[in-house]
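Undergrad: please find the sequence and the predicted model below.
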Amino acid sequence: MNTTMANQLSIPPFPTDLPLAPLTIISHEKLLSHDPTESSKLLSACKNQGFFHLDLRTTPQGASLLAQSSQLYNLAQVLFDLPLEIKQQYTLQKGVSLFGYKPAGTIKATDPTRRPDATEFFNIGKDDLFHPTSPDLLTKKYPPDIQANLPLLKSFTTNSHTLAMHLLTLLARELHLPSDTALTDLNTFPHPSGDHTRLTRTTHPHGDNDNDSIALPSHTDFGTLTLLFNRLGGLQIESTTTTTTTATPGHWEWVKPLPGHAIVNLGDAMKIFTSGYLKSAKHRVVPLPGADEVKNSRYSVVYFVRPANHVLMKAVDGFERDEGSVKAVAGKFEPKPTHKQVHDSEGGNVLTAGEWMVQRAVQLGN
Ligand SMILES: O=C(O)CCC(=O)C(=O)O
Ligand SMILES: [Fe+2]
């Protein structure tokens, strides 16, 4: 069986009566072949929804990402089956490290009724894989099943990052930024950053009755760009459009996983870099009605591209004049002053990406 078939076969059914988010499907193959229509579709999707489906079925890089995400999906099943007390030995420390294990039941702040979340993660840092700060770092931070899969994790990391840099190059061009590298320069692979692979498992203690727990409460991703490989539906995006009959602002619309596609979304950093021109959409994960798998578990494989730690979280050249219009990033989040004290054109605090990640992670509880 080839990898595309494997991926197609494993997508569980999705109910036909749920309102779907109006997401564009973008072809990786067309982007690679410099199709101008596809690049402008990419820009529109990033401007209007902040989310899109990326068809990876017909390019070698896409096929290899799909195959790797399937292998990581299998790894997730093994990892999360470890006893809780073993997983807890690798628990990440809020405000200290973004990487390691996050048990379920911790993210509560953004849910209106403060339901505990039903999702556990392993966050595996790009720099931990490529530049471990000490020889025993990996053994201390990650369980043996992760260490046994370093080649897979490294390859998925470089592949995901490369794909994201291609998307950022095309966006820089479409946005007429001063240079094609204006966005990729903020996300360079060798510099320390919050980039990581996340493996998730959601287990609802009460089946698909989501009154008592939520898979993942409403949030925006705080980095640059996220590549998401999920199979079972459950992801919802907050609608801000009033142009369709069903959608009104503040309503949740479903994202149906498509075989052979990644779901791509922009994070708050892109909103800040473009003074709100590009969108970082609010999303959450809830139980998919009627899905048998919800009674068991839902898994996803995610790659987060985040700006290099030294990058200032402010508008890029060409967007700085609109800086004042982007105050409402990340809900109630207010950057806390730091010892370096850089200010934007409005006199607000500017954090480095490293400081921003830590403060946002504390805000979200992960
Ligand atoms: O699992 C999913 O479908 C979404 C995960 C997500 O939004 C996240 O980890 O930030
Ligand atoms: Fe997210």
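TA: That came through, no problem. Residues are numbered from 1 along each chain as shown. Ligands and ions are numbered 1, 2, ... in the order given.

Undergrad: dump the residue contacts of whichever residue of the chain sits closest to ligand 1.
TA: Proximity of the chain to ligand 1 (C-beta to the nearest ligand atom) peaks at residue 300, 3.4 Å away. (Glycine included, C-beta is placed from N, CA and C.) Neighbour list for residue 300: 198-200, 228-231 [criterion: C-beta atoms under 8 Å, 6 or more residues apart in numbering].

Undergrad: can you confirm it is in a strand?
TA: Yes - assessed by DSSP: H, G, I helix; E, B strand; the rest coil, residue 300 belongs to a strand.

Undergrad: what bridges to it?
TA: residue 200, residue 230 (DSSP bridges).

Undergrad: where do the strands sit along this structure?
TA: 25-27, 51-55, 100-102, 119-125, 196-202, 216-219, 225-230, 235-238, 252-254, 261-266, 283-285, 298-305, 342-343, 349-350 (DSSP state E).

Undergrad: the fourth one pairs with which strands?
TA: In other words, strand 119-125. strand 100-102 (antiparallel), strand 196-202 (antiparallel).

Undergrad: export those strands as a markdown table, with columns for mean pLDDT, distance to ligand 1 and mean neighbour count.
TA: Output for the strands paired with strand 119-125, formatted as a markdown table (pLDDT from 0 to 100; distance: least, C-beta to the nearest ligand atom, whole Å; neighbours: other C-beta atoms under 10 Å):
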| stretch | mean pLDDT | distance to ligand 1 | mean neighbour count |
| --- | --- | --- | --- |
| strand 100-102 | 94 | 10 | 24 |
| strand 196-202 | 96 | 5 | 24 |
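
Undergrad: which of the strands of the chain has the lowest average pLDDT?
TA: Between the strands of the chain, the one with the least mean pLDDT is strand 342-343; it has a mean of 58.

Undergrad: dump the residue contacts of the spatially closest residue to residue 159 that is not a sequence neighbour.
TA: Excluding its sequence neighbours, the residue lying closest to residue 159 (C-beta to C-beta, 6 or more residues apart in numbering) is residue 65, at 5.3 Å. When the contact criterion is C-beta under 8 Å, 6+ apart, the partners of residue 65 are 56, 156, 159-160, 163, 227, 262.

Undergrad: and the residues you listed, which two are furthest apart?
TA: Put simply, by C-beta to C-beta the two of those set farthest apart are 56 and 156, 12.9 Å from each other.

Undergrad: what's around residue 223, how many residues?
TA: 25 (other C-beta atoms under 10 Å).

Undergrad: doesn't residue 305 make contact with it?
TA: Yes - Residue 223 lies in contact with residue 305 (C-beta atoms under 8 Å); the separation is 5.9 Å.

Undergrad: got any residues that touch both of these two?
TA: Common neighbours of residue 223 and residue 305 (C-beta under 8 Å, 6+ apart) are residue 195.

Undergrad: beta partners for the most centrally placed residue in the chain?
TA: Closest to where the C-alpha atoms of the chain average out (C-alpha atoms, centre = their mean) is residue 226, at 3.3 Å. On the basis of DSSP bridges, residue 226 is bridged to residue 265, residue 304.

Undergrad: who's in contact with it?
TA: 264-267, 302-305.

Undergrad: make it 7 Å
TA: 264-265, 267, 302, 304 (C-beta atoms under 7 Å, 6 or more residues apart in numbering).

Undergrad: what do you get for residue 298?
TA: 202, 215, 232, 234.
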